[in-house]
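> Have a look at this fold, sequence not included:
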């Protein structure tokens, strides 16, 4: 069973790599029909960018909140 899983995984990975090579050498052929791995990678990158922007905004909001609280305490 383990051998079947590893063979299946190797075949799937090999097919994914072959698809990527085809896209690299002939991008016009795959402009609309991206492989699943390419779509997943695009979604992952977009998610990371959104998370990065959210983190920056959260840090700025927290900094401003601390600034407001310290000004109130000084009065």
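Yep, it's here. Since the model is a prediction, treat every value here as computed from it, not as a measurement. Residues are numbered from 1 along each chain as shown.

> any idea how far the spatially closest residue to residue 42 that is not a sequence neighbour is from residue 74?
Once flanking residues are discounted, residue 42 sits nearest to residue 34: 7.8 Å by CB to CB, 6 or more residues apart in numbering. For the C-beta atoms, the positions are set from N, CA and C on the backbone; glycine is no exception. Distance, residue 34 to residue 74, by CB to CB, to the nearest Å: 57 Å.

> Looking at these two, which one has more neighbours?
residue 34 (14 against 6; other CB atoms under 10 Å).

> SS state for that one?
Under DSSP: H, G, I helix; E, B strand; the rest coil, residue 34 falls in the coil class.

> can you list the domain ranges for the chain.
Domain segmentation of the chain under automatic domain parsing yields 1-30, 34-75.

> For these, give me a markdown table that also has mean pLDDT.
Formatted as a markdown table, the entries for the domains of the chain read as follows, by pLDDT from 0 to 100:
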| stretch | mean pLDDT |
| --- | --- |
| domain 1-30 | 76 |
| domain 34-75 | 91 |
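
> ok, which stretches of this structure are helices?
For the chain, helices defined by DSSP state H occupy the ranges 2-25, 36-74.

> Find the residue at the geometric middle of this protein.
residue 44 (1.6 Å; CA atoms, centre = their mean).

> Could you measure from that one over to residue 23?
Taken as CB to CB, the span from residue 44 to residue 23 is 17 Å.

> Now stretch 63-74: buried residues?
Across stretch 63-74, burial judged by 16 or more other CB atoms under 10 Å covers no residue at all.

> burial measure for residue 37, as a count.
So residue 37, with other CB under 10 Å, has 15 neighbours.

> which ones are touching it?
With contacts defined as CB atoms under 8 Å, 6 or more residues apart in numbering, residue 37 is in contact with 16, 19, 20.
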